[in-house]
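Trainee: next input, structure requested:
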Amino acid sequence: MTSVGSESTVDSADLWTPRRINRTALLTMVVMLFAWSVDYVDRFSISMALPVIGHEFGLDKTSQGWLVTVFALVYMVCQIPAGYLADRFGSRGPMLVTLVMWSLFTALTGMAGTFGMLLVIRGLFGVCQGCFPAASIKAIAERTTPDNRATTTGVMMSAGGIGAGLAPLVVGPLLMAVGWRETFLWIAGCGAVLGVAVWAILPRPLPQRLTVLRQESAAPQGITRAQVVRSPLVWKFALLFCVLNMLSYGLVTWVPSYLIEARHLALDTTGLLAAIPMLVSVGTTILGGWLFDRYFHDRARWYLGTISVATAVLLVLMTAAGSTGEFTLYETLASGVSGLATMCVFGLPLRVLPPAVAGLGAGIMNFGGQVAGAVAPFVMGVLADHFSYTAAFGFLVVTTLLTAVVAFWVPQHAGEFTFQ
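Mentor: Numbers count the residues shown, from 1 in each chain. You can find the predicted model right below:
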């Protein structure tokens with residue numbers, strides 16, 4: 001029998017062969033990769049348009065940063081309620097609603113007549129997108145086994161690099177051809193069509209018996225939502241995602257402006273150079289999920305700590321770069337190395353938490369990640385305004401080193417996950 005908020009199938013056990021299980025995971029992975037790519041293109045388009053919008057409305061960098069921060073604040077607040085909704089109503093319905101609604105507010109972004117109206121629209125855009133991550137991670141949890149969940153989720157989350165890479169390649173030429181307002185209308189239309197298409201082919205979930213971790217050391221499966229919310233361990237992972245995510249939000253928001261204003265590059269060249277690091281991180285995020293499932297699901301601390309220190313060193317070299325090519329090289333290396341760490345954050349909780357509460361668990365962790373989205377653009381904008389871009393990028397060096405510290409504070413074994 002299918003429970004409330006679940007899409008579990010009632011197929012008999014003999015129909016779920018290993019081949020069908022793997023095919024379900026593969027199709028889910030592809031569908032969610034496209035859906036998240038649409039999400040990130042819509043979200044990161046604002047970063048390429050910031051200099052143009054700032055010029056039209058007479059905004060300094062701090063005010064421009066607020067256009068990203070207001071989205072991130074609202075997006076952040078929505079994460080935990082969105083997790084409850086996903087666990088209560090399932091993943092499919094909330095995903096469809098959010099895909100359509102965020103495309104609407106992308107279109108409205110291009111129609112804003114004042115800076116205040118633009119802030120309100122970006123906030124409402126944050127509400128719509130804020131309901132998506134928890135539902136999508138729950139969709140993964142319902143359609144994968146624990147042994148391949150990090151790999152599948154890693155592919156899905158690599159869409160952050162795809163979207164961040166495609167956004168400047170798409171938005172730069174559009175800005176030059178039709179202006180920033182029409183650019184958002186085009187992106188909204190394409191996003192709505194693609195979003196509904198990928199939602200329509202999402203496969204049916206696996207039976208519940210295939211989606212839970214069955215080990216003696218595993219956390220108990222009868223976990224309530226209240227236990228998840230009260231768990232210090234889940235919140236530690238939220239903090240870990242927060243400090244890790246500062247890097248991606250900081251680079252995506254401010255590198256285009258840096259290349260235009262400090263390096264005096266044209267929009268099309270800026271779009272190309274801003275895309276390279278993000279696209280490289282696609283492959284390393286996928287690789288990181290596979291490495292976690294294969295080798296590091298019980299010993300992620302040193303792996304994550306080493307990655308964070310190496311990334312911080314590359315960021316220092318990036319900040320001190322004397323040429324645009326050198327800057328882009330070190331930014332690309334830093335983004336690529338950092339991408340290996342993403343699934344170290346989500347891997348263990350997604351293996352341990354049963355699908356019935358996976359939406360809420362993902363919502364809490366993503367809440368931490370979106371604190372970074374609220375903090376990094378604003379703080380870096382203030383630092384760039386009052387000091388320099390060097391100070392702004394130095395902020396990312398500090399938060400990346402903090403990732404290495406927090407990595408040794410979170411559990412790394414399923415048996416360490418206890419709920420009271």
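Trainee: output the lowest mean pLDDT helix or strand found in the chain.
Mentor: helix 208-211 (a mean of 66; mean pLDDT, DSSP states H and E).
Trainee: buried set for the helix or strand following that one?
Mentor: Next helix or strand after helix 208-211 toward the C-terminus (DSSP states H and E): helix 225-230. Residues of helix 225-230 classed as buried by neighbour count (16 or more other CB atoms under 10 Å): 225, 227, 228, 229. In this view, the C-beta of every residue, glycine as well, is placed from N, C-alpha and C.
Trainee: so how many other residues sit close to residue 239?
Mentor: 17 (other CB atoms under 10 Å).
Trainee: any buried residues in the helix or strand containing it, and which?
Mentor: Per DSSP H and E, residue 239 falls inside helix 232-261. Neighbour-count burial for helix 232-261 flags 233-260 (criterion: 16+ other CB under 10 Å).
Trainee: now stretch 178-190
Mentor: 180, 181, 183, 184, 185, 186, 187, 188, 190.
Trainee: of those residues, which belong to strands?
Mentor: Among the buried residues of stretch 178-190, none falls in strands (DSSP state E).
Trainee: residue 18: which of the residues you listed is nearest?
Mentor: Using CB to CB, residue 190 comes nearest to residue 18 of the buried residues of stretch 178-190, at 37.1 Å.
Trainee: among the buried residues of stretch 178-190, find me the one that's closest to residue 170.
Mentor: Closest to residue 170, out of all of the buried residues of stretch 178-190 and judged by CB to CB, is residue 187, at 7.3 Å.
Trainee: contacts only, for that closest one.
Mentor: By CB atoms under 8 Å, 6 or more residues apart in numbering, the contact list for residue 187 reads 41, 42, 45, 106, 170, 171, 174.
Trainee: going by distance to residue 130, which of these wins?
Mentor: Among the contacts of residue 187, and counting by CB to CB, the member closest to residue 130 is residue 42, at 13.0 Å.
Trainee: state the pLDDT value of the closest one.
Mentor: With respect to pLDDT, residue 42 scores 78.
Trainee: what is the subsequent helix or strand relative to whichever helix or strand it is part of?
Mentor: Following DSSP H and E, one finds residue 42 within helix 18-57. Downstream of helix 18-57, the next assigned helix or strand under DSSP H and E is helix 61-89.
Trainee: what comes up buried for that following helix?
Mentor: Buried, per 16+ other CB under 10 Å, within helix 61-89: 61-80, 82-87, 89.
Trainee: now do it against helix 18-57, angle only.
Mentor: Following axes from the mean of the first three to the mean of the last three CA atoms, to 10 degrees, one obtains 150 degrees for the angle between helix 61-89 and helix 18-57.
Trainee: show me what helix 61-89 is packed up against.
Mentor: helix 18-57, helix 92-109, helix 115-130, helix 132-143, helix 225-230, helix 232-261, helix 358-386 (3 or more CB pairs under 8 Å, 6 or more residues apart in numbering; DSSP states H and E).
Trainee: and the angle for it with helix 132-143?
Mentor: 40 degrees.
Trainee: kindly reformat the buried residues of helix 225-230 as a markdown table containing pLDDT and distance to residue 358.
Mentor: Shown next, in a markdown table, are the buried residues of helix 225-230 (pLDDT from 0 to 100; distance: CB to CB, whole Å):
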| residue | pLDDT | distance to residue 358 |
| --- | --- | --- |
| 225 | 74 | 11 |
| 227 | 78 | 14 |
| 228 | 77 | 9 |
| 229 | 78 | 14 |
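Trainee: for the stretch 1-150 of the chain, which spans come out with low pLDDT?
Mentor: 1-14, 148, 150 (pLDDT under 70).
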